[in-house]
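# fold the stuff below for me.
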Amino acid sequence: MSEEFDSKDYWRSIILYGLNTATYKIALAKCLYNFTKEEKTIVSMHDLSVEFFKEFKIRLENGMPQLYIPGRQTKMENIVQRFNLGLVSEEEAISFVENNAFVDVVPRFHTVNNASIPTKFYEYNKNGLILTDSVFEIFSGVDKENLFNEMISRWGLLEAAFQLKNGDTKLINDIRNIYLSKGYERQNITGTIPVLNGYQKGICFYCGESMEGHDIHVDHVIPRQVIYHDDIWNLVLAHAFCNEQKSDALPSIKYINKLIERNEHFIASNHPIKNKLILTMGKTIKERKNYVYKVYNDVKVVIPYTWEGIRGYNPDTDEFYKSFIRSLKKW
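Predicted coordinates for the structure are as follows:
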């Protein structure tokens with residue numbers, strides 16, 4: 001950037017040209033504006049968390065998405081939803097924000113096009129932010145109103161762009177709230193490995209190849225970031241590589257059908273978890289199948305694309321899969 005640029009120009013470059021796959025940078029900018037109005041120069045991470053949570057709580061009243069990636073949520077969207085549903089207290093929500101929200105945005109606020117701008121609007125360390133003269137200068141000058149309006153307009157523009165990418169935001173939020181209200185905090189699911197492996201016999205759920213000698217992951221077939229639980233009917237074992245390829249995507253229907261058959265295998269073999277599966281999904285095969293399909297179709301509204309799987313894999317040619325289908329037909 002040219003040396004003739006002043007603090008206002010550098011600020012505008014952050015607002016208009018900073019990387020915005022989510023709205024965190026704009027939200028942080030709004031917090032900085034609020035702190036200058038309060039003439040606050042030293043901001044603890046707790047104070048920043050309180051302000052950041054407040055801004056998102058107000059902003060999310062419009063129900064608009066805060067992230068570019070369809071089907072995904074920012075951590076701020078998730079914690080505000082949990083707070084609004086009465087699942088966490090305000091104190092718990094603010095603690096979550098302090099521990100999870102600032103890993104990227106605070107260190108990278110002054111980065112534009114992968115370059116650090118020469119003017120800094122705060123210095124930061126593990127204890128918080130120290131606001132510089134530059135941020136007070138721009139929000140006490142004659143252009144402060146224009147800069148504020150530009151910042152708020154940019155937030156709205158991002159939300160509108162994300163909504164076009166995400167589709168029916170209201171329906172998506174309604175579905176998320178349904179599953180969030182029924183969900184629970186993430187549990188340690190490594191203890192399910194022996195149970196799951198008893199039916200997978202060391203074979204990866206997603207590629208059908210042996211997992212011997214490889215890192216083994218426990219994966220939620222239907223992504224946890226939508227259904228918010230660790231129920232065993234939705235858990236499988238996979239290579240670390242295959243799990244990372246799938247990530248938080250929703251798998252194609254072939255894997256859902258395979259999951260349904262796997263669960264029926266659990267039930268038909270009178271495994272101790274049989275009663276829990278029946279209680280959760282239904283007493284009959286049809287009820288259980290419809291239960292999984294309903295969850296899958298709900299999540300398809302939230303995540304409108306599917307992961308087709310590891311190239312070349314077909315469950316119809318998976319020897320292990322075919323063997324337990326044959327076993328099911330005997331019962």
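
# how is the protein carved up into domains?
7-182, 190-330 (automatic domain parsing).

# now the shortest one, how far from the centre of its chain.
Its chain's C-alpha centre lies 21 Å from the corresponding centre of domain 190-330 when counted by CA atoms, centre = their mean, to the nearest Å.

# ok, the longest one next?
Distance of domain 7-182 from its chain centroid, counting by CA atoms, centre = their mean, is 16 Å.

# tabulate the domains of the chain (JSON lines), appending mean pLDDT and mean neighbour count.
Heads up, the C-betas are built off the backbone N, CA and C, glycines and all. Formatted as JSON lines, the domains of the chain follow (pLDDT from 0 to 100; neighbours: other CB atoms under 10 Å):
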{"stretch": "domain 7-182", "mean pLDDT": "93", "mean neighbour count": "17"}
{"stretch": "domain 190-330", "mean pLDDT": "90", "mean neighbour count": "16"}
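
# and stretch 268-276, how far apart are its ends?
When the termini of stretch 268-276 are compared using CA to CA, to the nearest Å, they are 13 Å apart.

# how about stretch 35-51?
9 Å.

# what comes into contact with the longest helix seen in the chain?
In terms of residue count, the longest helix belonging to the chain (DSSP state H) is helix 144-166. Contact partners of helix 144-166, identified using CB atoms under 8 Å, 6 or more residues apart in numbering, comprise 8, 11-12, 15-16, 20, 23, 26-27, 29-30, 33, 59, 62, 64-68, 70-71, 138-139, 169, 172.

# just these: which are in helices?
Among the contacts of helix 144-166, DSSP H puts 8, 11-12, 15-16, 26-27, 29-30, 33, 59, 138, 169, 172 in helices.

# widest-spaced pair of those residues?
8 and 172 (37.5 Å; CB to CB).

# related to what we said a few turns ago, would you put the C-alpha positions of the longest helix of the chain in CSV?
Provided in CSV are the C-alpha atoms of helix 144-166 (Å, rounded to 0.1, in the frame of the first residue of the first chain):
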residue,chain,number,x,y,z
LYS,A,144,-16.7,8.3,11.9
GLU,A,145,-20.3,8.0,10.8
ASN,A,146,-19.5,6.9,7.3
LEU,A,147,-17.0,4.4,8.6
PHE,A,148,-19.6,3.0,11.0
ASN,A,149,-22.3,2.7,8.3
GLU,A,150,-19.8,1.1,5.9
MET,A,151,-18.9,-1.5,8.5
ILE,A,152,-22.6,-2.3,9.3
SER,A,153,-23.5,-2.4,5.6
ARG,A,154,-20.6,-4.8,4.9
TRP,A,155,-22.0,-7.1,7.6
GLY,A,156,-25.4,-7.1,5.9
LEU,A,157,-23.8,-7.6,2.5
LEU,A,158,-21.9,-10.7,3.7
GLU,A,159,-25.1,-12.2,5.3
ALA,A,160,-27.0,-11.7,2.1
ALA,A,161,-24.3,-13.4,0.1
PHE,A,162,-24.1,-16.3,2.6
GLN,A,163,-27.9,-16.6,2.4
LEU,A,164,-27.8,-17.0,-1.4
LYS,A,165,-25.2,-19.7,-0.9
ASN,A,166,-27.0,-21.4,1.9
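
# quick one, strands of the stretch 51-200 of the chain?
111-112, 115-116, 122-125, 128-131 (DSSP state E, counting those that start in this stretch).

# got those strands as a markdown table, with distance to residue 278 columns?
Formatted as a markdown table, the strands of the stretch 51-200 of the chain follow (distance: least, CB to CB, whole Å):
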| stretch | distance to residue 278 |
| --- | --- |
| strand 111-112 | 53 |
| strand 115-116 | 58 |
| strand 122-125 | 53 |
| strand 128-131 | 52 |
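
# how about those, which one is nearest residue 303?
Among the strands of the stretch 51-200 of the chain, strand 111-112 sits nearest to residue 303 (CB to CB), with 29.4 Å.

# what packs against that closest one?
helix 7-17 (3 or more CB pairs under 8 Å, 6 or more residues apart in numbering; DSSP states H and E).

# what's the angle between the helix it packs on and helix 144-166?
Relative orientation of helix 7-17 and helix 144-166, computed by axes from the mean of the first three to the mean of the last three CA atoms, to 10 degrees: 10 degrees.

# quick one: contacts of helix 7-17?
The contact list for helix 7-17 (CB under 8 Å, 6+ apart) reads 1, 25-26, 29, 109-110, 112-113, 117-119, 121, 134-135, 137-138, 141, 143, 147, 150-151, 154.

# got it, and stretch 76-88?
24, 27, 52-53, 56-57, 60, 65-67, 73, 89-90, 93, 96-97, 100-101, 173, 176-177, 180-181.

# and for stretch 186-201?
With CB under 8 Å, 6+ apart, stretch 186-201 has contacts from 216, 218, 224, 230, 232, 235-237, 262, 265-266, 271, 273, 320, 324.
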